Each structure stands twice: as C-alpha cells, then as structure tokens.
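K.L.:
I would like to see how this sequence folds:
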Amino acid sequence: MEEKETIPVANTYIGEEEAKAAYDVIKSGWLSTGPKVKEFEAVFAQTVGAKHAIAVNSGTAALHTVLAALDIGPGDEVIVPSLTFISTANAVLYQGATPILAECDPKTYNITADIISSLITEKTKAIIPVDMNGLPVDYDSILSLAEKYNIPVIADSAESLGATYKERKIGSVAPIHIFSFFPNKNMTTGEGGMITTSSDSLAEKMRMIMNQGQDYRYHHILLGYNYRMTNFQAAIGLEQLKRLSFVLEEKEKIAENYSRAFVYCDNIETPHVPKYVTKNAWYMYTISVNKEKRDQIVKELEFAGIQTRLSFPPIHTQPLYQERFGYSNDSLPISYDAWSKLINIPIWAGLGDKQDKVIKKVIELCEQN
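P.N.:
Okay, the predicted model is just below:
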C-alpha cells in the first residue's frame, strides 16, 4: 500500500552549502565556540541593524542570560503574555522571580501597552512582549510606557526574524531582542539563539554570563552558565542568513495566496496585520475558526495528509503554573478563547503547488463545519 504524502506545517530550507560549512568546521578541528561564532554574530548584527549580537545555544538561554544580566531575582515581577511558548515565562522562574501572565489582543494575539499598564506594580522589573507568529508588537507604545516607569523591555522576537516595524528591522527596535534558531524558524542552526542590544555594558555582562561568568579565561567574576554556541551551529547560521531574504519572500507569497483564497469564506478569520507592521515574518500562518469545530477540522486535515499545529496552549493552562500560582483555564479568558480557535497551517519556502491542496481542503472543511 502506497504511503500517503504528508505536507508538514513547517520545513527547514537547508542544503549542500550548510553541509559543506559544517564539514569545513570538522576539517578545521575547531568544533566548540570560536571564530565562526564571532563571524556569525557580526553578520547577524549587520543584518538586523543592531550594535551588538551575542550568540547562545537556544532562545531560552538568550532569555535567561538577559534576565540574569538585568539582576532580576526573588521578589521581582516580570510581565509576560500567557499566549506564548512556556520558555518565555520559565526563564523568569529560573531567576526566582514571578512571571505575571497577561492577556493578549484578540486580533493580533500580541500583548499591548494597555494590557501591560494595568499589571505594573512596584515589583515590576521587566516586560517581555512576544512577537507572536512573527508579527511585531506595537513597540513604540510599549517602549513609551516602559520608559515612563523606568522598566526594561526584553523583546522576545524568537519568531520574528526578518520582520520590520515602521520600516525598522526587528532586532534593533527595542533595547534588547532575543531570537531562536530552532528548525521551524525562518533560519536555523539546529538549536541556537541570539541576543541583540544597543547597550555596551549590558553586552559585556551578557557575554560573561553565557560563558561561565568569565571576564577572561578561568577568571570568573559572575555566576554564569554554559550557553555557548558551537562553531558548527554558527557555520550553518552564516549560510542560513544568506537564504533569509528568499525564505521571507516565499512565505510572504504563500501568506498572500492564503489570505486571498480565504477572504470569501465566512468561517475562516485570516491573520490581522496592523499598519505599523511594514513586513511580517510569517513564522506561522494562523487561521481562526469555530472553536467547537476546530479539533475535528485539525483531525480531518491530518487524515488528508496536511499537518497543522494548534499554537502554544496559554501558559496559564499549564499544570506547572496552575499548581504553583493558582491559575485556572478561566483565569485569562481572552487568551484561552483566542487559542481555542487557532490553527497554524503549512507555510514554508518550497511549499509550491502543495499549497493548492491545503487551500482546497481547509475551505471544504470550514464550509461544511
């Protein structure tokens, strides 16, 4: 019996160039962190228009490194959206601080300045807005609010590499951004992450923290961690950066095709892109459907060979956070309601004509359901 082809929800755009780059690292004999990492940092900083770029071994490590550098600790509160991947809040727990989970805007699924303002207390020591699905938050309003209260903003831009906010590249809009290079992102190093910042002193401190707290070899002045990126990862990352523009262009075309095809289907709500977003990164293409029918639609798409993802369940629904902080599924109803309708459908460079099958099946299922 012939096996049915499955269309994945995401797919890494990678080729012989990355394989050769990794092989060249093997031949060089310098496998751990080294010159390729420094080169990758320099090219990445130039790509996003940042003053400093610090490479680490995951997006989570990036978040933790920043929080540690800001001296966030026990008794402190950090405002975090509930509708995001759990690592955003977990990094706060690593420092012994308390994540204050926030609602999302029901149209963009992002946190807003109005939402944040109602949660600020004397204990608030940082705000971590997340660019959900690659869509930038409204940075000017959030940064203005944070400046009023003298609270640092850590932009979790794990999903938004390549996006622009009012023509400014994500990575140089906020004082601090973090990125993830997990394989389903717009570029990958397998695992890996990056921090960008405009602060010389913060960059210096973060470089020590991610390298066991050393200011020079075997001289440890801070509590640090082994969050170093390898030469393998950096070599792959350099090649992936060369592909970034093409990947973004391809995903933009796919997103436009989806939105054009779904616009006349009353049972499908397509992504809302505010005017301040001059370029969306399209990490995922997210549709909103009838929540009573969503799981059945997903099941039938899977049966048809079309992979989907239900986005990240809100953090306040996770057992860890319910047991530790007393949340229930109803604690943040806007986030829970939004998540209960969401389906991420395939979007990746190379999807090609397979998109036609996705469009046809999604419309068919949504119209009959």
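
K.L.:
What strand or helix carries L67?
P.N.:
If you go by DSSP states H and E, L67 is part of helix 59-69.

K.L.:
brain fart, T278
P.N.:
Going by DSSP H and E, T278 is in strand 277-279.

K.L.:
Let me know the average pLDDT across that strand.
P.N.:
Strand 277-279 shows a mean pLDDT of 97.

K.L.:
next SSE after it?
P.N.:
Next along from strand 277-279, by DSSP H and E: strand 285-288.

K.L.:
elements contacting that next one?
P.N.:
If contacts are counted by 3 or more CB pairs under 8 Å, 6 or more residues apart in numbering; DSSP states H and E, strand 285-288 sits against helix 231-262, strand 342-345. Where you see a C-beta, it was placed from the backbone N, CA and C, and this is true even at glycine.

K.L.:
Give me whichever of the ones you listed is most buried.
P.N.:
strand 342-345 (a mean of 22; mean count of other CB atoms under 10 Å).

K.L.:
what are the phi and psi values for M229?
P.N.:
phi -90, psi 150 (degrees, to the nearest 10).

K.L.:
So it is in contact with I54, correct?
P.N.:
No - counting by CB atoms under 8 Å, I54 is not a contact partner of M229; they are 9.2 Å apart.

K.L.:
continuing past the helix holding L67, what's the next helix or strand?
P.N.:
strand 77-81.

K.L.:
Pull up the pairing partners for that following strand, direction included.
P.N.:
strand 98-102 (parallel), strand 124-127 (parallel) (DSSP bridges).

K.L.:
How far away from the center of its chain is that strand?
P.N.:
Counting by CA atoms, centre = their mean, to the nearest Å, strand 77-81 is centred 16 Å from the centre of its parent chain.

K.L.:
Just want the angle from that strand to helix 59-69.
P.N.:
Here strand 77-81 points in a direction 150 degrees away from that of helix 59-69 (axes from the mean of the first three to the mean of the last three CA atoms, to 10 degrees).

K.L.:
quick one: contacts of strand 77-81?
P.N.:
Contact with strand 77-81 is made by 67, 72, 88-89, 92, 97-104, 110-111, 116, 119-121, 123-130, 132, 315, 335, as judged by CB atoms under 8 Å, 6 or more residues apart in numbering.

K.L.:
Tell me the pLDDT of A349.
P.N.:
97.

K.L.:
got it, and the one 5 residues further on?
P.N.:
Per-residue confidence for K354 comes out at a pLDDT of 96.

K.L.:
if I read this right, it contacts P346, doesn't it?
P.N.:
Yes - counting by CB under 8 Å, K354 touches P346, with 7.2 Å between them.

K.L.:
Counting neighbours, go ahead and name the busier of those two.
P.N.:
Neighbours were tallied for K354 and for P346 using other CB atoms under 10 Å; the higher tally belongs to P346 (25 against 16).

K.L.:
S87 reaches G59, doesn't it?
P.N.:
Yes - between S87 and G59 there is a contact under CB under 8 Å: 6.7 Å.

K.L.:
ok so, going back, report the buried residues of the strand holding T278.
P.N.:
Of all the residues in strand 277-279, those buried under the rule 16 or more other CB atoms under 10 Å are V277, K279.

K.L.:
so what strands line up beside it?
P.N.:
strand 164-165 (antiparallel).

K.L.:
picking that back up, which residues are in contact with both of K354 and P346?
P.N.:
I7.

K.L.:
State the pLDDT value of M1.
P.N.:
Residue-level pLDDT assigned to M1 equals 43.

K.L.:
for E323, that is, sorry about that
P.N.:
E323 carries a pLDDT score of 97 in this model.

K.L.:
try N369
P.N.:
Value for N369, per-residue pLDDT: 54.

K.L.:
go on, L244?
P.N.:
At L244, pLDDT is 98.

K.L.:
Distance of it relative to G237?
P.N.:
10 Å (CB to CB, to the nearest Å).

K.L.:
Equivalent analysis for R168, please.
P.N.:
23 Å.

K.L.:
Need the strands paired with strand 77-81 in a markdown table (columns: mean neighbour count).
P.N.:
Putting the strands paired with strand 77-81 into a markdown table (neighbours: other CB atoms under 10 Å) gives the following:
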| stretch | mean neighbour count |
| --- | --- |
| strand 98-102 | 22 |
| strand 124-127 | 22 |
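
K.L.:
Nearest to F303 among those would be which one?
P.N.:
F303 lies closest to strand 98-102 among the strands paired with strand 77-81, at 34.8 Å (CB to CB).

K.L.:
that older thread, looking at S87 and G59, which is more packed in?
P.N.:
Between S87 and G59, counted using other CB under 10 Å, G59 has the larger neighbour count: 27 against 20.

K.L.:
The more buried one contacts T188, correct?
P.N.:
No - assessed by CB under 8 Å, G59 is found out of contact with T188, at 11.5 Å.

K.L.:
Now for the two: what residues contact both?
P.N.:
Common neighbours of G59 and T188 (CB under 8 Å, 6+ apart) are F181, F182.

K.L.:
ok, the nearest residue to S180 once chain neighbours are set aside - contacts?
P.N.:
The spatial neighbour of S180 that comes closest, neighbours along the chain excluded (CB to CB, 6 or more residues apart in numbering), is G59 at 2.9 Å. For G59, the contacting residues are S87, D156, A158, I178, F179, S180, F181, F182, G193, by CB under 8 Å, 6+ apart.

K.L.:
go on, K354?
P.N.:
Residues in contact with K354 (CB under 8 Å, 6+ apart) are I7, P346.
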